[in-house]
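1. From the sequence below, what's the structure:
(one chain, ligands or ions: 1)
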Amino acid sequence: GAPPNLDVATMPALQNDLYLRAARGERTERAPVWCMRQAGRYLPEFRAVRVENDFFNVCRSPALATEVTMQPIRRYAGLLDAAIIFSDILVIPQAMGMRVDMVPGTGPRLPEPLREPADLARLVDQRKGFSVDRELGYVYHAITNTRHALAGRVPLLGFAGAPWTLMAYMVEGGGSKTFAAAKAWLFRHPQAAHELLRRIAAVAADFLVGQVHAGAQALQVFESWAGELGPREFAEFSLPYLAHIAAHVKQRCPGVPLTVFARGAHYALEQLAAETVFDVISLDWTIAPADARARVDRALRAAGSDRRVVLQGNLDPTLLFADEATVRRRTAEMCAAFGAAPHIANLGHGMMPGHDPERLRVFLETVHQASRALRQ
Ligand code: 1CP
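-> Modelled structure (predicted):
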């Protein structure tokens with residue numbers, strides 16, 4: 001059916017708005033906390049759903065997508081301050097006409113990758129009647145359904161993959177250690193690369209707006225392979241598209257917090273702060289929080305900007321393989337390093353399949369205690 005537009009008037013009021021207040025740069029009594037990939041294979045209840053259902057069937061079924069989105073919210077009741085809709089960044093290449101399979105134990109596979117510029121003709125084109133809202137309406141249904149299930153407990157985040165990261169999968173045909181084929185495209189076919197990136201950005205921007213209309217209360221854009229680029233290629237092939245997406249969504253959904261996670265792109269912190277309108281920059285663990293804060297503030301001052309940019313992150317997810325005492329100590333140190341400035345606590349990347357769910361609980365509880373103590 002038609003993609004749902006959430007009737008906000010019928011929704012229960014939000015009981016926990018810590019995430020939204022922190023994302024707007026307001027002072028909060030403690031740091032809100034959530035985790036990338038909080039719904040996923042480290043949870044036995046998630047694996048149980050996946051035994052019976054193909055990955056993309058879970059995404060396409062509002063009931064199943066809601067169920068797995070709710071799993072961490074139920075398990076860590078009162079500890080998580082946001083839910084993130086269960087889906088994947090690869091739904092965009094799929095909607096653009098590419099086949100994407102999720103291979104258990106491996107990850108996404110695109111059996112017919114883009115090999116040369118002429119292959120762009122295989123992609124469906126927004127200028128030729130392709131409708132983002134129709135192709136990705138199943139995500140909107142999942143979001144609206146999940147808002148009802150959440151009943152105001154915590155805000156619901158929507159998300160999309162960023163153009164360079166999606167192009168990387170579309171050209172490589174899956175994950176890669178070096179993304180050499182995708183990077184080679186940038187150097188061999190810069191014009192075709194820009195055309196592809198422009199088209200992905202247009203889809204991602206409309207998709208994010210549609211998610212807000214369906215009930216998403218904040219959005220995150222995942223540029224997971226920014227670290228493969230380096231400053232010069234990032235400035236040419238990633239930043240302009242991230243900036244476009246943020247500007248487009250801000251204009252249509254003012255007041256909805258926007259986060260960018262450009263993994264490995266600490267070299268571009270200044271540009272992300274001063275040359276885009278993202279409200280929150282999510283950091284991986286390779287940068288010290290105090291340095292990131294200082295660099296962002298300096299960049300904003302130098303640009304004469306009065307924007308507030310909030311930082312999210314950034315515990316190394318592999319620390320959750322350490323013993324409890326180490327997790328406690330390092331999490332408290334992380335909170336201290338971000339200080340009392342608005343901060344959204346998270347990992348520096350996603351939860352991993354082998355993680356013990358109880359270690360995540362230790363992380364969440366420690367953020368609650370440590371970040372509250374810092375603000376007293
Ligand atoms: O079989 C399975 O169940 C596969 C595991 C899995 C899960 C749980 C994949 C495959 N995707 C997801 C869900 C997912 N992916 C979410 C849902 C919500 C949540 O966070 O709880 C989100 C936000 C993503 C986003 C995503 N997918 C990113 C960006 C974030 C990041 O990790 O950098 C990326 C790069 C992907 C691609 C992808 N999908 C799945 C895997 C294993 C991968 C990575 C593959 C690779 O390393 O290249």
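2. Could you measure from the residue nearest the centre of the chain over to Gln211?
-> In the chain, the residue lying closest to the centroid (C-alpha atoms, centre = their mean) is Gln220, at 4.0 Å. Look at Gln220 and Gln211: by C-beta to C-beta, to the nearest Å, they are 11 Å apart. (Glycine included, C-beta is placed from N, CA and C.)
3. Ala273 too?
-> As for Ala273, its distance to Gln211 is 24 Å (criterion: C-beta to C-beta).
4. who touches both of Gln220 and Gln211?
-> Shared between the contact lists of Gln220 and Gln211 (criterion: C-beta atoms under 8 Å, 6 or more residues apart in numbering) are residues 158-159.
5. Report the spatially nearest residue to the residue in the chain that the ligand sits nearest to, omitting neighbours in sequence.
-> Of all residues in the chain, Gly175 sits closest to the ligand, with a separation of 2.5 Å (C-beta to the nearest ligand atom). In space, not counting the residues next to it along the chain, Gly175 is nearest to Gly107; the distance is 5.0 Å by C-beta to C-beta, 6 or more residues apart in numbering.
6. same deal with Ala162?
-> Glu223 (3.7 Å).
7. neighbours around the one you found, how many?
-> Here the count is done by other C-beta atoms under 10 Å, and Glu223 has 29 residues near it.
8. Ser238 is in contact with that one, correct?
-> Yes - contact between Glu223 and Ser238 holds when scored by C-beta atoms under 8 Å: they sit 6.0 Å apart.
9. Of Ala273 and Gln211, which one has the most company?
-> Gln211 (29 against 23).
10. Show me what the lengthiest helix in the chain is packed against.
-> When every helix of the chain is counted residue by residue (DSSP state H), the longest turns out to be helix 190-214. Applying 3 or more C-beta pairs under 8 Å, 6 or more residues apart in numbering; DSSP states H and E, one finds that helix 190-214 makes contact with helix 91-95, helix 132-135, helix 137-150, strand 156-161, helix 163-172, helix 180-188, strand 218-223, helix 239-252.
11. Counting by contacts, list what the shortest one packs against.
-> Okay, so that is helix 132-135. Contacting helix 132-135 under the criterion 3+ C-beta pairs under 8 Å, 6+ apart are the following elements: helix 190-214.
12. can you give me the offset of the helix it packs on from its chain's centre?
-> Average the C-alpha atoms of helix 190-214, do the same for its chain, and the two points are 15 Å apart (C-alpha atoms, centre = their mean, to the nearest Å).
13. what is the rounded mean pLDDT of that helix?
-> The predicted model assigns helix 190-214 a mean pLDDT of 98.
14. close enough to count as contact, Gln71 and Arg47?
-> No - using C-beta under 8 Å, Gln71 is not in contact with Arg47; the gap is 10.5 Å.
15. which one of these two has more residues nearby?
-> Per other C-beta under 10 Å, whichever of Gln71 and Arg47 has more neighbours is Gln71, with 21 against 12.
16. The more buried one sits in which helix or strand?
-> Secondary-structure assignment from DSSP states H and E places Gln71 in helix 62-75.
17. Is any residue of that helix near the ligand?
-> No - for a cut-off given as C-beta under 6 Å from any ligand atom, helix 62-75 has no contacts with the ligand; the smallest distance is 7.2 Å.
18. Restricting to C-alpha, output that helix in PDB.
-> In PDB, the C-alpha atoms belonging to helix 62-75 read as follows (Å, rounded to 0.1, in the frame of the first residue of the first chain):
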ATOM      1  CA  PRO A  62       7.100  -4.700   9.500                       C
ATOM      2  CA  ALA A  63       6.300  -7.200  12.300                       C
ATOM      3  CA  LEU A  64       9.700  -8.900  12.100                       C
ATOM      4  CA  ALA A  65      11.600  -5.600  11.700                       C
ATOM      5  CA  THR A  66       9.800  -4.200  14.700                       C
ATOM      6  CA  GLU A  67      10.500  -7.400  16.700                       C
ATOM      7  CA  VAL A  68      14.300  -7.300  16.200                       C
ATOM      8  CA  THR A  69      14.400  -3.500  16.700                       C
ATOM      9  CA  MET A  70      12.600  -4.000  20.100                       C
ATOM     10  CA  GLN A  71      14.800  -6.900  21.200                       C
ATOM     11  CA  PRO A  72      17.700  -4.800  22.700                       C
ATOM     12  CA  ILE A  73      15.100  -2.200  24.000                       C
ATOM     13  CA  ARG A  74      13.400  -4.900  26.000                       C
ATOM     14  CA  ARG A  75      16.600  -6.700  27.100                       C
END
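19. which residues are contacting it?
-> Taking contacts as C-beta under 8 Å, 6+ apart, the residues outside helix 62-75 that touch it are 35, 38-39, 43, 45-46, 49, 53, 57-59, 80, 83-87, 138, 141-142, 144-146, 149-150, 153-154, 156, 357.
20. what separates the helix or strand that that helix is followed by from the chain centre, distance-wise?
-> Where DSSP H and E defines the elements, the next helix or strand beyond helix 62-75 is strand 83-84. Relative to its chain's centre, strand 83-84 lies at 10 Å (C-alpha atoms, centre = their mean).
21. Could you list the contact residues of the stretch 1-150 of the chain toward the ligand?
-> Contact residues, the stretch 1-150 of the chain versus the ligand (C-beta under 6 Å from any ligand atom): 36-41, 50, 55, 84, 86-90, 102, 104, 107-108.
22. now the stretch 201-350 of the chain
-> Proximity of the stretch 201-350 of the chain to the ligand, by C-beta under 6 Å from any ligand atom, involves residues 222, 224, 350.
23. ok, the last one - how many residues close by?
-> Going back to what we said before, that points to Gly350. Here the count is done by other C-beta under 10 Å, and Gly350 has 19 residues near it.
24. Same check on the second one?
-> For Ser224, the number of neighbouring residues by other C-beta under 10 Å comes to 23.
25. Sounds good, over and out.
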